[in-house]
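The sequence isn't on hand, but the structure is:
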Ligand code: SAM
């Protein structure tokens, strides 16, 4: 199969992913749908799993970690309510795919990954793709990134035992935190909106994420 046929195949797969996995399940934010119909997810997936890049599931990316299911990426992104001018923090870069989607929807994205190998690979792909409004940082994202705070949006793509207080402190008023909470067997995706007087939380859906490992997360196994 030549390259142009490959490109066409992935374009069709991507279109079908958006229609049958996202639109049909209620994703309505047109900007999110557009970003997900444009960013080439297959480039963020290891060669071995590339054929399955647009399937309705997470996939292994090395270091025992995963790229999240497309629907999960879409709903988490939609929960941030991005309009285009925001500064966003992602915790758990993984493959770099979620950061790529965010970079199409916000003004600047900081993304933190604790595995250096994954961070370097994500950085390389994002650079090759010309996404120049993303900074990949190696470190413990459970502490956030106080030197760049406040953020309009913080998205945590690993499961935390509790909402890290330090992340809430790094949200601006009106800002949103999207975070999977719970334990390995029972997790719920939560959206927290910081208002002038309180934190408004709502449960979004059940989910299954790898653990957030760090000072404000789970202890290293
Ligand atoms: N957003 C990713 C993507 O688009 O491919 C998927 C992320 S994967 C489900 C979760 C990631 O969180 C893993 O790569 C894991 O190493 C990372 N992680 C876990 N604890 C972390 C921490 N304290 N700081 C930064 N990254 C962390």
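Arrived safely, thanks for sending. Only a predicted model underlies this, so the values are computations on that prediction, with no experimental measurement involved.

The residue nearest the centre of the chain sits in which helix or strand?
Against the mean C-alpha coordinate of the chain, by C-alpha atoms, centre = their mean, the closest residue is residue 98 at 3.6 Å. If you go by DSSP states H and E, residue 98 is part of helix 97-105.

Packing partners of that helix?
In terms of contacts (3 or more C-beta pairs under 8 Å, 6 or more residues apart in numbering; DSSP states H and E), helix 97-105 is packed against helix 30-38, helix 70-80, strand 87-91, strand 108-113, helix 116-128, strand 134-138, strand 151-156. Placement of C-beta: from N, CA and C, glycine included.

name the helices or strands packed onto the longest one?
In this structure, helix 116-128 packs against strand 59-62, helix 97-105, strand 108-113, strand 134-138, with contacts taken as 3+ C-beta pairs under 8 Å, 6+ apart.

now the longest one and strand 134-138, what's the angle there?
The one in question is helix 97-105. With axes from the mean of the first three to the mean of the last three C-alpha atoms, to 10 degrees as the basis, helix 97-105 and strand 134-138 are set at 150 degrees to each other.

going forward, begin numbering at 18 instead of 1
Renumbered: residue one is now 18, and that last one reads helix 114-122.

can helix 114-122 be found next to the ligand?
Yes. Using C-beta under 6 Å from any ligand atom, helix 114-122 reaches the ligand at 114-115.

starting at the chain centroid, how far to that helix?
Mean-position distance between helix 114-122 and its chain equals 8 Å (C-alpha atoms, centre = their mean, to the nearest Å).

Where does residue 31 sit: helix, strand or coil?
At residue 31 the chain is in helix, as set by DSSP: H, G, I helix; E, B strand; the rest coil.

show me the contacts for it.
If you count contacts by C-beta atoms under 8 Å, 6 or more residues apart in numbering, residue 31 has them with 53-54, 57-58, 71.

any chance of the residues you listed in JSON lines, with neighbour count too?
Below are the contacts of residue 31 laid out as JSON lines (neighbours: other C-beta atoms under 10 Å):
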{"residue": "53", "neighbour count": "24"}
{"residue": "54", "neighbour count": "14"}
{"residue": "57", "neighbour count": "17"}
{"residue": "58", "neighbour count": "22"}
{"residue": "71", "neighbour count": "22"}
